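Asks: Have a look at this prediction, sequence included:
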Amino acid sequence: MAESRVYESAASPGFAYTLKRSAKRRSLCIEVKQAQVILRAPMGVAESVAVGFLRQKAAWVMRKIQEQSSQLAVQPREREYASGSTLPYLGQSLRLVIGYGTRSAVARVDDALHLLLSNRSRQPLPVQIRQALERWYQQQALALLTRKTLALCERMGLVCNQVNIRATRSKWGHCTSRGVIQYNWHILLAPEAVVDYLVAHEVCHLRHHNHSPAFWALVASVCPEYATLRHWLKQEGAGLHL
């Protein structure tokens, strides 16, 4: 059950939101995705109570809307790749070398990424290249981020039940209440120190499922430069794309 609404306040700009009720939900929750606001509420909660909750979080909602609107405004131009093109990888530049064979394959040799394309494919060449590169980055992300996550968990005495990789651009990482950590594979386009910050951020959520002072103190204990790295990701994150 979804109903469109507009939040208005004399103290701040208004914004549109969607009120969604569910019989299964037991608490109020606000989500901001792609600069769109969703207010989730149990069936029995009065709308005035739900709006009161939204009013308390209005400053946070506006900040999220502004951040996500800025990211959406940056329309990344799809790059075209050929032999000799460079690819960002953990703060390094990999030189792309393209060849052709009976089947597709990707292999890294020192600072070069060798991409073998199938000469039997009917797909346009740019599509073949992009798909092959994305598969390689996703494979590297799963292996690297799983290793880093489990190593930090062991060091901190925490348990991560699973590491997943996804491609959505709304979040760089997410830690569920079930101990599952999800990462955006595009983070491998950032310097490795930024990757380490993201891992620290999500692993610390295994202990603190919030952004309280205790959470940030824990992040600082394992990643002292987190503030600088977090700022870098906020400023440069929109440009991390293939």
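Replies: Great, that's in hand. Because the structure is predicted, anything quoted here is derived from the model rather than measured.

Asks: okay, now M62: neighbour count?
Replies: 18 (other CB atoms under 10 Å). The C-beta positions use only the backbone N, C-alpha and C, and glycine is treated the same way.

Asks: where exactly do the strands run in this structure?
Replies: For the chain, applying DSSP state E gives strands covering 2-7, 15-22, 29-33, 36-42, 86-89, 92-101, 105-109, 112-118, 162-166, 173-175, 180-184.

Asks: can you redo those strands as CSV with mean pLDDT?
Replies: Formatted as CSV, the strands of the chain follow (pLDDT from 0 to 100):
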stretch, mean pLDDT
strand 2-7, 60
strand 15-22, 86
strand 29-33, 90
strand 36-42, 89
strand 86-89, 94
strand 92-101, 91
strand 105-109, 92
strand 112-118, 91
strand 162-166, 94
strand 173-175, 94
strand 180-184, 96
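
Asks: and those, which is most packed in?
Replies: Greatest average neighbour count among the strands of the chain goes to strand 180-184 (a mean of 21), per mean count of other CB atoms under 10 Å.

Asks: Out of the strands of the chain, which is closest to A220?
Replies: Nearest to A220, of all those, is strand 173-175, at 17.4 Å by CB to CB.

Asks: Put together a markdown table for the strands of the chain, with distance to R230 on each row.
Replies: Listed next are those as a markdown table, based on distance: least, CB to CB, whole Å:
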| stretch | distance to R230 |
| --- | --- |
| strand 2-7 | 28 |
| strand 15-22 | 25 |
| strand 29-33 | 18 |
| strand 36-42 | 24 |
| strand 86-89 | 19 |
| strand 92-101 | 22 |
| strand 105-109 | 29 |
| strand 112-118 | 29 |
| strand 162-166 | 20 |
| strand 173-175 | 12 |
| strand 180-184 | 15 |
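
Asks: Kindly state which of these is positioned closest to Q68.
Replies: strand 29-33 (6.6 Å).

Asks: Contacts for that closest one next, please.
Replies: In this structure, residues lying in contact with strand 29-33 by CB atoms under 8 Å, 6 or more residues apart in numbering are 37-41, 53-54, 57, 60-61, 64-65, 68, 170.

Asks: Next: stretch 207-222.
Replies: So stretch 207-222 is contacted by L152, R155, M156, L158, C175, S177, A200, H201, V203, C204, H205, Y226 (CB under 8 Å, 6+ apart).

Asks: again, only this time at 7 Å
Replies: The contact list for stretch 207-222, computed with CB atoms under 7 Å, 6 or more residues apart in numbering, reads L152, M156, L158, S177, A200, H201, C204, Y226.

Asks: pLDDT value on the last one, please?
Replies: Per-residue confidence for Y226 comes out at a pLDDT of 96.

Asks: And the residue most central in space within the chain, how close does it get to A41?
Replies: The C-alpha lying nearest the average C-alpha coordinate of the chain belongs to W172 (CA atoms, centre = their mean; 1.9 Å). Distance, W172 to A41, by CB to CB, to the nearest Å: 28 Å.

Asks: quick one on the thing from earlier: by neighbours, which of the contacts of stretch 207-222 wins?
Replies: Most neighbours among the contacts of stretch 207-222, by other CB under 10 Å: C204, with 26 neighbours.

Asks: residue contacts, that one?
Replies: F215, L218, V219.

Asks: what does the domain assignment say about the chain?
Replies: 2-73, 86-239 (automatic domain parsing).

Asks: of all these, which lies closest to R79?
Replies: Comparing these by their distance to R79 (CB to CB), the top pick is domain 86-239, with 8.7 Å.

Asks: Show me where this protein dips below the pLDDT cut-off.
Replies: By pLDDT under 70, the low-scoring segments of the chain are 1-13, 71-78, 122-123, 169-170.
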